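Student: pasting a predicted model and its sequence here:
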Amino acid sequence: MNSRAPRAEKKSSFFLGFLMLPRAKRDALSAAYAYCRLIDDIVDSGSFPKDEARRRLDFWRAEVGRLYEGRPTHPISSALARPVFDYAIPKDALLEMIRGCALDLEATRYETIEDLESYMRGVASSVGIMCVHIFGWRHTPKERMYEFATVFGYAFQLTNIIRDVGADLELGRVYLPQADLREADCAVDHLLRRDRGPAFDRLMRVEYLRAKNYYARARALVDRRDLPSLLPAEVMAHVYEGLLDEIKKGGFRVLDRKTRLPAYRKPALALRAWLYCYGFGR
């Protein structure tokens, strides 16, 4: 699905984050993202009818169990065996990814932000939990680090959802909470007509401010002594928050186009992330 967590391809913000890591951690992240991509593609590639997609997800639920028992049977889970051991990646994070992706086989609407957050925990925050285990940390309490990963996941995913409103409509999906649409007096029909009137602008401003709040909340949870270890996460966050601000600057033109950051801005944002993590920025 085009609104899910991004992939570690060379043009992505994930790839910029990868460059900040030693080889062993890059390999571990590559294995984790191969798993996440596979689960995502089962649901969203269009290759499988729903019943077949469900069957494949059931296989992977069982395969995750086999992985943690030390007997994986698939090349992708086999590649994860060493990272799972070396970095203590929790089993629940891998299963949560399956749960989140499976929701797209059943639901295309979310009533409240709490409902949407449950979805985002599956498809995005689960990835964050895997990542922070690979990045490592020493000073932030575990529960706060998990909350950091969870809330950053919300921030990235809501940024994706805002960017992809129009593309998701083509798939019959509306991820923005129905309660928010009603509050903004913006019916789904407005979206389908690509109506960029005042109601849509009100809706987008609500979602923009919510995403900005997620970024700020996540950062407030981390002991600053752990920021150098979390530099890859902050590279991604700076790029994604930059994308969010670009969408706002462009007047929320997301119904008929997909906003992208100019290539030259990503290295600049990565540098800002480095300065922030090493105590030279906000």
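Tutor: Sure thing, it's come through.

Student: could you use CA atoms for every contact and neighbour count after this?
Tutor: Will do.

Student: find the residue closest to residue 21 in space, skipping its chain neighbours.
Tutor: residue 232 (7.6 Å; CA to CA, 6 or more residues apart in numbering).

Student: would you mind giving the secondary structure of that neighbour?
Tutor: Three-state call for residue 232 (DSSP: H, G, I helix; E, B strand; the rest coil): helix.

Student: which positions in stretch 218-229 come out as buried?
Tutor: 218, 219, 221, 222, 224, 226, 227, 228, 229 (16 or more other CA atoms under 10 Å).

Student: please work out the average pLDDT along that stretch.
Tutor: Averaging pLDDT along stretch 218-229 gives 97.

Student: that stretch: end-to-end distance?
Tutor: End-to-end span of stretch 218-229 (CA to CA, to the nearest Å): 15 Å.

Student: chain center to it, what's the gap?
Tutor: Offset of stretch 218-229 from its chain centre (CA atoms, centre = their mean, to the nearest Å): 19 Å.

Student: before we move on, back to that, tally of neighbours for the residue nearest to residue 21?
Tutor: 27 (other CA atoms under 10 Å).

Student: what do you get for residue 115?
Tutor: 13.

Student: how much space between it and residue 176?
Tutor: Taken as CA to CA, the span from residue 115 to residue 176 is 10 Å.

Student: intersection of neighbour lists for these two?
Tutor: Counting by CA atoms under 8 Å, 6 or more residues apart in numbering, residue 115 and residue 176 have no shared contacts at all.

Student: per-domain residue ranges of this structure.
Tutor: Domain ranges of the chain: 17-106, 108-282, per automatic domain parsing.

Student: from those, which stretch is densest packed?
Tutor: Stretch with highest mean neighbour count among the domains of the chain: domain 108-282 (a mean of 19; mean count of other CA atoms under 10 Å).
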